[in-house]
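K.L.:
turn this into a structure:
(2 chains)
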Number of protein chains: 2
Amino acid sequence: MAAPKEISSTKQFGGFNKRYEHESSTIGVPMKFTVYFPPAAEKGKVPVLYWLSGLTCTDENVIQKSGVQRDAAEKGVAIVACDTSPRGLNVEGEADSWDFGVGAGFYLNATEDKWKAWRMYDYVVKELPELLRTHFPQLDTSNASIFGHSMGGHGALTIFLKNRDKYKTVSAFAPICHPSNCPWGVKAFTGYLGSDKSKWEEYDATVLAQKFSGNKDFHILIDQGSQDNFLHQKQLLPEEFAEACKSNGIGVKLRMQDGYDHSYYTIATFMPDHITHHVKALTSS
Amino acid sequence: MAAPKEISSTKQFGGFNKRYEHESSTIGVPMKFTVYFPPAAEKGKVPVLYWLSGLTCTDENVIQKSGVQRDAAEKGVAIVACDTSPRGLNVEGEADSWDFGVGAGFYLNATEDKWKAWRMYDYVVKELPELLRTHFPQLDTSNASIFGHSMGGHGALTIFLKNRDKYKTVSAFAPICHPSNCPWGVKAFTGYLGSDKSKWEEYDATVLAQKFSGNKDFHILIDQGSQDNFLHQKQLLPEEFAEACKSNGIGVKLRMQDGYDHSYYTIATFMPDHITHHVKALTSS
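P.N.:
As a prediction, the model looks like this:
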């Protein structure tokens, strides 16, 4: 597993945003990711908090717009942000729509032959942590948690529920909560997984919450803006996820935030609460 | 003075980023600006802190990338960010270089005929405050201060020193401090003001500090990254400004920040200190 190449480094709040590129064996093309190393990473190991971005984003959006570094620096946690899909494969039609293909990997392993390189699930769950473990001794990858926004909120919730041993807790901003039941999800799952809906269930947070049978000593934090157009368009369906959690004894706090939309302005506003949520779980072990 | 038209509104930290467009009588074309209204603006008048952006920027950069809203919300101060030049005039060559013309107004009133619409000084000092005073009763425009970045730091320092009655204090991130003596400034001043260097002095912060004879009950805060390429290229010259201030009894704190560059990551890092600096002056009156 070759070392990732550092392509930029900028100091912020005493730590560093470092962007890397590496040859991904999972995806088959070079992938980029960014790590924010808090000042504490210069003195010892720090916990790792994975961020998964939404449709059309790269690793850069959360680094530039969320203000996450301020709290990550203060609390001594590293932020790891990856890309949202393979790029540069030139699969026919990959960039025809903003909600499928490039920038829209949906954090799953595609089974349809045409999209077989779209394996962001394995990339996030397996390759990226292994890469960090191998090359960044200052990151305590055994003490990790995960969060994300919109499509990345879907990714965080599903990956957490399927890998209870790998992440201490989870949170999300405006996540896609029931993709089998919303236009974005139906389009993506049909394209990547085919029309057999039984295969969709393993990537649907609401179904996973209904069926979850693991250790339930965690709780899930979700912030959702009341003025989010995608909420009104029934792309997100957070109540269906919350109901599934409650009926299965999973602790979830769904906060409807009055007047907030789907943007990074909302993410920035509630980021301090999310960092507090994660740090509590990462430091109580 | 017609009311500006609201073109977007997003909630953040309990307040609102509102972007406006208006017909500018000073510039002669529509101009855009953004106000961040803190939550306190819903209950009464709040002080106004003007932000001036650097080369190539618009009003949006500081709103999207600096995290300023977090502290502005907490302290109850409004942030007003305007554009950096006229746009849409189609003056021949206006977009040929990134450091002159569009996005590079240098906060002066041009005297060369070709650039006569470039009157960002009057726009910032006169038209914009009057517009705010007329149409936004929640803004206490009589209690204002000013700050900025790079070219906008130059703007903030010069405008403050020339209008001691209008602003309570000033601060800057990586300001262009002695434009008559750096490549950016020489190019801009020659283009906008002509080759008579005596006309340059009224827009040169170092010269203005040398000649300043007003009330000196203020102090200036400047943060400068030690890894800023433009510092190394001698575009900024902060020591020359600090020396001029000290020799004239003006209080200045120039903080050289180890390892920081010219970017918004640096601005975000020290923004809390700058808001504290301004709020102290805005609330002591």
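
K.L.:
CA only for contacts and neighbour counts going forward, please
P.N.:
OK.

K.L.:
what about the stretch 151-285 of chain A, any weak spots by pLDDT?
P.N.:
A:285 (pLDDT under 70).

K.L.:
who touches the residue of it at minimum distance from chain B in this structure?
P.N.:
Going by CA to the nearest CA, chain B is nearest to residue A:269 of the stretch 151-285 of chain A, at 4.9 Å. Going by CA atoms under 8 Å, 6 or more residues apart in numbering or on different chains, residue A:269 touches B:12-13, B:70.

K.L.:
close to chain B: what parts of the stretch 151-285 of chain A are there?
P.N.:
Within reach of chain B by CA under 8 Å from any CA of the partner chain, the stretch 151-285 of chain A has these residues: A:259-261, A:265-266, A:268-270.

K.L.:
and the closest residue to chain B within the stretch 51-200 of chain A, how many neighbours?
P.N.:
Here the residue of the stretch 51-200 of chain A nearest chain B is residue A:65; by CA to the nearest CA that distance is 5.1 Å. Other residues lying near residue A:65 total 19 when counted by other CA atoms under 10 Å in any protein chain shown.

K.L.:
excluding chain neighbours, what is closest to it?
P.N.:
Nearest residue to residue A:65 in three dimensions, chain neighbours excluded: residue B:65, at 5.1 Å (CA to CA, 6 or more residues apart in numbering or on different chains).

K.L.:
can you list the buried residues in the longest strand seen in chain A?
P.N.:
With secondary structure taken from DSSP state E, chain A has its longest strand at strand A:139-149. Applying a neighbour-count criterion of 16 or more other CA atoms under 10 Å in any protein chain shown, one finds A:139-141, A:143-149 buried in strand A:139-149.

K.L.:
partners of it in the sheet?
P.N.:
Using DSSP bridges, the strands paired with strand A:139-149 are strand A:46-52 (parallel), strand A:170-173 (parallel).

K.L.:
any residues touching it, and which ones?
P.N.:
Under the criterion CA under 8 Å, 6+ apart, residues A:41, A:45-54, A:78, A:129, A:132-133, A:153-157, A:160, A:166-175, A:278, A:282 lie in contact with strand A:139-149.

K.L.:
got it, and stretch A:185-203?
P.N.:
A:99-100, A:106, A:108-112, A:115, A:118, A:158, A:178-180, A:207-208, A:235.

K.L.:
7 Å - rerun?
P.N.:
Outside stretch A:185-203, the residues that touch it by CA atoms under 7 Å, 6 or more residues apart in numbering or on different chains are A:100, A:108, A:110-112, A:115, A:158, A:179-180, A:207-208.

K.L.:
kindly report the same for stretch A:275-285.
P.N.:
Contacts for stretch A:275-285 (CA under 7 Å, 6+ apart): A:47, A:71, A:143-145, A:168-169.

K.L.:
same thing but 6 Å
P.N.:
Stretch A:275-285 is touched from outside by residue A:168, with contacts defined as CA atoms under 6 Å, 6 or more residues apart in numbering or on different chains.

K.L.:
please apply the same query to stretch A:49-67.
P.N.:
Counting by CA under 6 Å, 6+ apart, A:33, A:79-84, A:103-104, A:144-152, A:264, A:268, B:64-65, B:67 sit against stretch A:49-67.

K.L.:
please redo it, this time with the cut-off set to 7 Å
P.N.:
A:33-34, A:77-84, A:98-99, A:103-104, A:144-153, A:155-156, A:264, A:267-268, B:64-65, B:67.

K.L.:
where exactly do the helices run in chain A?
P.N.:
Assigned by DSSP state H, the helices in chain A fall at A:60-65, A:68-75, A:120-122, A:128-135, A:151-162, A:183-193, A:205-211, A:229-232, A:238-247, A:264-283.
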